[in-house]
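Q: below: sequence and its predicted model.
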Amino acid sequence: VCRKKRNTHFIVPKDDFELLSGEDALVDYRFGTGVARHRFCGVCGVQAFYHPRSNPDGVGVTVGCVDEGTIGSVDVRHFDGVNWETSYSATGIKKCSAVSSQ
């Protein structure tokens with residue numbers, strides 16, 4: 001799914017994510033291992049966020065769905081979903097959902 005749709009996203013700890021509205025319009029999609037929970041708007045089909053297999057304690061937020069001026073920058077890392085296990089080990093992506101101790 002990610003390779004075809006160019007899923008550019010950033011990951012935040014799930015406790016730092018709050019969906020303000022629209023929960024009732026979301027549709028779930030799972031494939032492969034079934035761990036990742038892809039959430040799509042049942043009205044327009046956009047995937048603004050999802051619960052990634054790589055970070056079950058986090059939320060992947062689609063960059064293009066964030067309002068301008070909301071965030072200052074995003075650290076982009078290439079993740080090869082076709083070679084998931086190798087990419088998971090090489091990118092350090094697991095740390096992206098770690099809660100900051102600040």
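A: All right, it came through fine.

Q: my guess is V27 meets R39, correct?
A: Yes - assessed by Cβ atoms under 8 Å, V27 is found in contact with R39 at 7.4 Å. All C-beta atoms are positioned from the backbone trio N, CA, C, and that covers glycine.

Q: who has more neighbours, the two?
A: More crowded of V27 and R39, by other Cβ atoms under 10 Å: R39, with 21 against 12.

Q: the more buried one against A25, yeah?
A: No - with contacts counted by Cβ under 8 Å, R39 stays clear of A25, the gap being 9.9 Å.

Q: next one, pLDDT for G64 please.
A: pLDDT for G64: 88.

Q: how about it, nearest residue that isn't a chain neighbour?
A: Counting by Cβ to Cβ, 6 or more residues apart in numbering, G64 lies nearest to T8, which is 7.1 Å off, once chain neighbours are set aside.

Q: correct me, but that neighbour touches V61?
A: No - contact criterion Cβ under 8 Å: T8 and V61 do not qualify, at 10.2 Å.

Q: and the two? which has more neighbours close in?
A: Using other Cβ under 10 Å, the more surrounded residue of T8 and V61 is V61, with 18 against 12.
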